[in-house]
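> from the sequence below, what's the structure:
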Amino acid sequence: MKSGIQVDSEFGPSSQYLDSMGPADLHPQYAGQMDCDICVVGGGYTGISAALNLAEAGYSVVLLEAERIGWGASGRNGGQVLNGFAKDMPKVAQLVGQTQARLLWQCSQEAVQIVHDRIARHDMDVEFRPGYVLAATRPRHMAALSAEQAYLAGLGYDRPRLLDRNTIRDQVQSTRFHGGLLDPGSGHMHPLKYARGLAAAASGAGVRIYEKSRVIRIRPAQAGSPAIAETAGGEIRARHLLLCCNAYIGSLEPELRARIMPVGTYIIATEPLGPERALKLLPHNVCVSDTNFVLDYFRLSADWRMLFGGRVSYSTVPPVALAERMRQRLLATFPELKGAAITHAWGGYVDVSRNRLPDIGRRPGNVYYAQGFSGQGVALTGLAGKIIADAIRGDMEKLDIFSRIPHRSFPGGPILRMPLLLLATLYSRLQDLI
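Okay, here's the model as predicted:
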């Protein structure tokens, strides 16, 4: 059964997350002149996490958000809180070496623990549920899942369990998958509730948050002069400037922008199915992603809707008839939902790096940045915020770990990089069908 919903790719009223929460407390728009220790640009998980850590350490912190808290990927994503990275760990080791890969894996586990610690410390009701399945859409994908399980066991993480075609049905009642890898240490939650919970905690710790305060220009610190962030209403002078913009960095820092690509991803929500019907599809209420390059991902909401995501767009233009296309993907996985109405459809942009690993570092003039989480940002962004905060406090250990990851710009420059990526994506989509 279809529905006359409005598709919204810019975080409007059709988001199920928004409808399940209602309007947020609003923060003022920035105007005037102000001095502070830290100016954070971006009100998503990364920026709020960094601001919270620094305020708790005694710094004066101002956070500037161009729209509303959680307006970007932090309030629109699939809600999956995952160990690891967008690239599997054996491939990470090929890129950076075994020693570095071990350190990065430990960092990813810390990222998940940070989420749990924040939820507990600030008593956030974010509807967290444990369990994640990476589901194989082709028999040949099982070899990579087996290699991932073996590699993680070698790192001392033996919780993931390999599922064959029969045992995956205990987790995902679909004939589409040939097996999978179950990680009980990952899970899922309501992402917008988490974003707003972090913002409330940051505000309580003394962070001055301003919304509808787009930064239009930055000036790094120079000898004897502070770093400056300019908005239409004034400027902030700070000892340190943090760029936590991800896919929305725009023209603030061209070199960083060249190292990421904004990718549209979209989600639909069914009507409430009720617990009995919903748990027939996902008996243990895990979240799921598949192994395709252009992947699908899904989970159940707290009110027993199926939230089904995917249909990535590299053209920054939402697909035509998005809700119906997403519904067809849903029915290919769960044909039992043919009669379920689609009540919401929304989307937004994540930023991907060329190597699918986070790009976290420091630039001249006391400017720090974090970007390129490549769809794994629910947990990793919180870690990035802590890494930057630690670096400002003088602890460079984890910043150095991430700074050693090699990052390159996308080829083609401002004009050709999008067409080149579209060609590469078309090739990868064809590979998904083989």
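
> just to be sure, Val92 is in a helix?
Yes - according to DSSP: H, G, I helix; E, B strand; the rest coil, Val92 belongs to a helix.

> please renumber so the chain begins at 32
Okay, residue one is now 32; in that scheme the one you just asked about reads as Val123.

> and it, what does it touch?
Phe116, Ala132, Leu135, Trp136, Leu388 (C-beta atoms under 8 Å, 6 or more residues apart in numbering). Glycine gets a C-beta too; all of them are placed from N, C-alpha and C.

> and the pLDDT for it?
The model reports Val123 with a pLDDT of 97.

> from Ala104, how far out is it?
Relative to Ala104, Val123 is positioned 22 Å away (C-beta to C-beta, to the nearest Å).

> before we move on, what about Tyr48?
Counting by C-beta to C-beta - Tyr48 and Ala104 are separated by 12 Å.

> and what of Thr374?
Taken as C-beta to C-beta, the span from Thr374 to Ala104 is 22 Å.

> same check on Phe404?
8 Å.

> overlap in contacts, the two.
Asn277, Val381.

> setting aside sequence neighbours, what's the nearest residue to Leu331?
Nearest residue to Leu331 in three dimensions, chain neighbours excluded: Ala309, at 5.2 Å (C-beta to C-beta, 6 or more residues apart in numbering).

> in whichever helix or strand that neighbour is part of, what counts as buried?
Here Ala309 sits within helix 306-312, counting by DSSP states H and E. Judged by neighbour count (16 or more other C-beta atoms under 10 Å), helix 306-312 contains these buried residues: Ala309, Leu312.

> by contact count, what packs against that helix?
Applying 3 or more C-beta pairs under 8 Å, 6 or more residues apart in numbering; DSSP states H and E, we find helix 306-312 packed against strand 328-331.

> how far away from the center of its chain is the strand it packs on?
Relative to its parent chain, strand 328-331 has a centroid offset of 15 Å by C-alpha atoms, centre = their mean, to the nearest Å.

> could you do stretch 245-253 as well?
Counting by C-alpha atoms, centre = their mean, stretch 245-253 comes out at 25 Å from the chain centroid.

> what residues of that stretch count as buried?
Quick answer for stretch 245-253 (16+ other C-beta under 10 Å): Arg245, Val246, Ile249, Arg250, Ala252.

> for stretch 317-324, same thing?
Val317, Cys318, Val319, Ser320, Asp321, Thr322, Asn323.

> start and end of that stretch, how far apart?
21 Å (C-alpha to C-alpha, to the nearest Å).

> let me know the average pLDDT across it.
Mean predicted confidence for stretch 317-324 is 95.

> show me the contact partners of it.
109-111, 160-169, 172, 175-176, 202-203, 208, 211, 213, 217-219, 313, 326-330, 456, 459-460, 462-463.

> same check on stretch 140-147?
80, 112-114, 159, 188, 216-217, 220, 225, 409-411, 413-414, 417.

> how about a cut-off of 7 Å?
Val112, Asn114, Gly216, Ser217, Ala410, Leu411, Gly413, Leu414, Lys417 (C-beta atoms under 7 Å, 6 or more residues apart in numbering).

> how far out from the middle of the chain is that stretch?
On C-alpha atoms, centre = their mean, the centre of stretch 140-147 falls 14 Å from the chain's centre.

> after the lengthiest helix in the chain, which helix or strand is next?
Identified as the longest helix of the chain according to DSSP state H is helix 129-152. As assigned by DSSP H and E, the chain's next helix or strand after helix 129-152 is strand 160-167.

> ok, now how distant is the closest residue to Leu310 other than its chain neighbours from Arg160?
In this structure, Leu310 finds its nearest non-sequential neighbour in Asn316, 6.9 Å apart by C-beta to C-beta, 6+ apart. Distance, Asn316 to Arg160, by C-beta to C-beta: 5 Å.

> likewise for Leu212?
18 Å.

> look at those two and report which has more neighbours.
Using other C-beta atoms under 10 Å as the criterion, Leu212 and Arg160 rank with Leu212 on top: 24 against 19.

> now the helices for the stretch 232-381 of the chain?
285-288, 306-312, 353-364 (DSSP state H, counting those that start in this stretch).

> now render the ones you listed as CSV, adding mean pLDDT and distance to Asp68.
Shown next, in CSV, are these (pLDDT from 0 to 100; distance: least, C-beta to C-beta, whole Å):
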stretch, mean pLDDT, distance to Asp68
helix 285-288, 94, 22
helix 306-312, 98, 47
helix 353-364, 93, 43
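
> of those, which is nearest Ala269?
For Ala269, the closest of the helices of the stretch 232-381 of the chain is helix 285-288, at 18.3 Å, according to C-beta to C-beta.

> buried stuff in the closest one?
Leu287, Arg288.

> isn't Ala232 up against Ala151?
No - with contact defined as C-beta atoms under 7 Å, Ala232 does not count as touching Ala151 (11.7 Å).

> in three-state terms, label the residue lying closest to Asp68 once chain neighbours are set aside for me.
Distance criterion C-beta to C-beta, 6+ apart; nearest residue to Asp68, sequence neighbours excluded, is Tyr90 at 4.1 Å. Here Tyr90 is recorded as coil under three-state DSSP.

> Tyr90 against Cys67, yeah?
No - with contact defined as C-beta under 7 Å, Tyr90 does not count as touching Cys67 (8.0 Å).

> the residue nearest to Pro191 when sequence neighbours are not counted: what's it in contact with?
Leaving aside its sequence neighbours, Pro191 sits nearest to Asp214 (C-beta to C-beta, 6+ apart; 4.7 Å). Applying C-beta under 7 Å, 6+ apart, we find Asp214 in contact with Asn114, Tyr163, Arg190, Pro191.

> check Ala104 too.
Ala104 touches Gly75, Asn277, Ala278, Gly379, Tyr380, Val381, Gly408, counting by C-beta under 7 Å, 6+ apart.

> against Tyr279, how distant is the nearest residue to the first one once chain neighbours are set aside?
It stands for Gly75. Nearest residue to Gly75 in three dimensions, chain neighbours excluded: Ser105, at 3.7 Å (C-beta to C-beta, 6+ apart). Computed as C-beta to C-beta, the Ser105 to Tyr279 distance reads 11 Å.

> this completes my enquiry, with thanks.
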